[in-house]
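[1] What shape does this take:
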Amino acid sequence: MVAVATEDFNRADVSRRLRAIFIGSVGNLVEWYDFYSYAAFALYFAPAFFPSEDPVVQQLNAAVLFAAGFLVRPFGGWLFGHLADHYGRRNALTLSVVLMCFGSLMIAVTPTYASIGVAAPILLGLARIIQGLSLGGEYGTSATYLTEVADQNHRGFYSSFQYVTLIGGQLCAILVLLVLQHVFLTPEQIKAWGWRVPFVIGALLAVIAAVMRRNLHETEAFVEAQKTADTRTNSLRALANYPREVLLVVGLTAGGTAAFYTYTTYMQKFLKLSVGLTDNQTTIVTASSLIFAMALQPIYGAISDRIGRKWLLIGFGVAGTLFTVPLLNALHDAKTALTAFLLIAAAWLIVSGYTSINAVVKAELFPTKVRATGVGLPYALTVSIFGGTADSVALWFKSIGHEAWFGWYLTTIIAISLVVYVTMRDTKRHSAMHRHE
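    Numbers count the residues shown, from 1 in each chain. The predicted model follows:
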């Protein structure tokens, strides 16, 4: 009887964990879909907000606003991290997706430059700031939640689903574009008004995700930590007690986030403006490469549960330093869509060494009482500097006639992070997950 009861309890516990991971991941997917619909449809709506005869200039202006959404992410990381560490992971997750809903709906209804002049890009920028606040809070809180609900032996595998859904959100944005292109609308209709459709969809999905998140159970780690926690403690003051960990988050994130945004948000524009693929080819190659990237995340996460996190990070750092420039140069000279896909897939074999485990590594650095803030704030700050600007930096190099310089820029950032990977301890073996102080 005892054995049967124990087995039933284990099944119930696994079921509870899986349900929590599923709901947390679905909300994460919706948030990233909303955020990246902007990047996926920028080729279509940029002329409506930034009048210019040069498409590169239009895309550069759109990329600047894309980066603006990242500039406020540190504030979102602090605000939602504070809420998550003091009032619960569930409450912070629910609030972040509600805020994303508002930002997406705002983009969907904003008039064009032809209608209201300069107010149009200003309103678009405001909507991006709202989305940036939401996403700044989403990353740290969801990384913390997924890591805390996972069991110790499979933490890398389960937490890898944050990037499965993160990439999945981008993929959904691309698939919506693909469906609109091939089934419902002409390119002219998409440019005229069809680009608003994905933002309406995103706002509706965010409402559903918010309802689902309201039913999430709180993590045991947070509940336990609350027994001795002081809710009056300033989150930034508490985080100041962990300067080494904060610097580690910055160092290990810089190269990975720059590479990630190069092969996601910038790659669509690169394929169109530099490689010379058609609109349909660009969308198909981008979508296919994202599917491949999604499949890699849990595989690499599971590997990290066996061999540790450090070796995967070092693998990314070494390969990224050696092969970034050759890969981007070969991609620039690609003659077919298939060749372009294979080269981007090769890049994902490298970058996934970072993306699959970066959430769990950061979560394992901090004790429970400051974990969401510790993961979210320094990460958001680093992404704002190196990730969100990847589009703008690459397009700026292109606009001044030195596009190839971007490859060396990216290589340098990855090499700096490699130094951090080599010198840091393996967080799987030196984890702070069970510390609540």
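[2] Would you mind measuring from the spatially most central residue of the chain to L342?
    Taking Cα atoms, centre = their mean as the criterion, L166 is the residue nearest the geometric centre of the chain, at 5.2 Å. For L166, the distance to L342 equals 23 Å [Cβ to Cβ, to the nearest Å]. C-beta coordinates here come from the backbone N, C-alpha and C atoms, glycine included.
[3] which element is E148 on?
    Using DSSP states H and E, E148 sits within helix 119-149.
[4] and whichever helix or strand comes after that helix, what other elements does it pack with?
    Note on helix 119-149: by DSSP H and E, the next helix or strand toward the C-terminus is helix 155-159. Here helix 155-159 touches helix 119-149, helix 279-307, helix 358-363, going by 3 or more Cβ pairs under 8 Å, 6 or more residues apart in numbering; DSSP states H and E.
[5] Of the ones you listed, give the one that comes closest to L381.
    Minimum separation from L381 across the helices and strands packed on helix 155-159 (Cβ to Cβ) falls at helix 119-149, 9.3 Å.
[6] Which of the residues in the closest one are classified as buried?
    Neighbour-count burial for helix 119-149 flags 120-121, 123-124, 126-149 (criterion: 16 or more other Cβ atoms under 10 Å).
[7] can you check stretch 242-254 too?
    Buried, per 16+ other Cβ under 10 Å, within stretch 242-254: 242, 245-246, 248-254.
[8] Closest to S417 out of the residues you listed?
    Taking the buried residues of stretch 242-254 together and measuring to S417 by Cβ to Cβ, the closest member is A254, at 5.1 Å.
[9] which ones are touching the closest one?
    382, 385-386, 413, 416-417 (Cβ atoms under 8 Å, 6 or more residues apart in numbering).
[10] how about the residues you listed in CSV, adding pLDDT?
    What follows is those, written out as CSV (pLDDT from 0 to 100):
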residue, pLDDT
T382, 89
I385, 84
F386, 87
I413, 94
I416, 94
S417, 94
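[11] how near is the closest residue to L296 other than its chain neighbours to A108?
    Distances taken as Cβ to Cβ, 6 or more residues apart in numbering put S352 closest to L296, at 4.2 Å, once the chain neighbours are dropped. S352 is 33 Å from A108, where distance means Cβ to Cβ.
[12] more neighbours, those two?
    Using other Cβ atoms under 10 Å, the more surrounded residue of S352 and A108 is S352, with 26 against 18.
[13] Which residues are in contact with that one?
    S352 neighbours (Cβ under 8 Å, 6+ apart): 293, 296-297, 300, 316.
[14] Kindly recompute the last result at 7 Å.
    293, 296-297, 300 (Cβ atoms under 7 Å, 6 or more residues apart in numbering).
[15] most neighbours, which of these?
    Of all these, the highest neighbour tally under other Cβ under 10 Å goes to A293, namely 28 neighbours.
[16] excluding its backbone neighbours, what's nearest it?
    W348 (4.5 Å).
[17] For the one helix or strand the one you found maps to, list every residue counted as buried.
    Following DSSP H and E, one finds W348 within helix 337-355. Neighbour-count burial for helix 337-355 flags 337, 340-355 (criterion: 16+ other Cβ under 10 Å).
[18] Ok, stretch 411-423 next?
    For stretch 411-423, the neighbour count (16+ other Cβ under 10 Å) marks 411, 413-415, 417-418, 420-421 as buried.
[19] Redo the residues you listed as TSV? Include secondary structure and distance to S288.
    Output for the buried residues of stretch 411-423, formatted as TSV (DSSP: H, G, I helix; E, B strand; the rest coil; distance: Cβ to Cβ, whole Å):
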residue	secondary structure	distance to S288
T411	helix	25
I413	helix	26
I414	helix	24
A415	helix	29
S417	helix	27
L418	helix	29
V420	helix	32
Y421	helix	29
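[20] residue ranges with poor pLDDT in the stretch 201-350 of the chain?
    226-235 (pLDDT under 70).
[21] Quickly find the element holding Q162.
    helix 161-179.
[22] Okay, angle between that helix and helix 119-149 too, please.
    140 degrees (axes from the mean of the first three to the mean of the last three Cα atoms, to 10 degrees).
[23] Adjust the sequence numbering to begin at 42 for everything that follows.
    In the new count, where the first residue is 42, that last one comes out as helix 202-220.
[24] What helices and strands are in contact with helix 202-220?
    helix 43-90, helix 160-190, helix 238-254, helix 320-348 (3 or more Cβ pairs under 7 Å, 6 or more residues apart in numbering; DSSP states H and E).
[25] Ok, which of these comes nearest L418?
    Across these (criterion: Cβ to Cβ), the nearest stretch is helix 160-190, sitting at 7.0 Å.
[26] helices or strands up against the closest one?
    Applying 3+ Cβ pairs under 7 Å, 6+ apart, one finds that helix 160-190 contacts helix 43-90, helix 96-112, helix 114-128, helix 130-150, helix 196-200, helix 202-220, helix 399-404, helix 412-423.
[27] just how off-centre is it within its chain?
    Distance of helix 160-190 from the chain centroid (Cα atoms, centre = their mean, to the nearest Å) equals 10 Å.
[28] Spatially nearest residue to L277 (excluding sequence neighbours)?
    L277's closest residue in space is W119 (Cβ to Cβ, 6+ apart), at 6.9 Å.
[29] Check the gap between the one you found and T135 for me.
    Distance from W119 to T135, by Cβ to Cβ: 18 Å.
[30] Buried residues, stretch 363-370. List them.
    The neighbour-count check on stretch 363-370 (16+ other Cβ under 10 Å) flags 364-365, 368-369 as buried.
[31] which residues are contacting it?
    Under Cβ under 7 Å, 6+ apart, the answer for stretch 363-370 is 384, 387-388, 391, 445, 448-449, 451-452, 455.
[32] What would it look like as PDB? C-alpha coordinates only.
    Output in PDB follows, covering the C-alpha atoms of stretch 363-370 (Å, rounded to 0.1, in the frame of the first residue of the first chain):
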ATOM      1  CA  LEU A 363      36.300  30.600 -34.800                       C
ATOM      2  CA  PHE A 364      33.400  30.300 -37.200                       C
ATOM      3  CA  THR A 365      31.200  33.400 -37.000                       C
ATOM      4  CA  VAL A 366      33.000  35.400 -39.700                       C
ATOM      5  CA  PRO A 367      33.300  32.400 -42.100                       C
ATOM      6  CA  LEU A 368      29.600  31.500 -41.600                       C
ATOM      7  CA  LEU A 369      28.400  35.100 -42.200                       C
ATOM      8  CA  ASN A 370      30.700  35.500 -45.300                       C
END
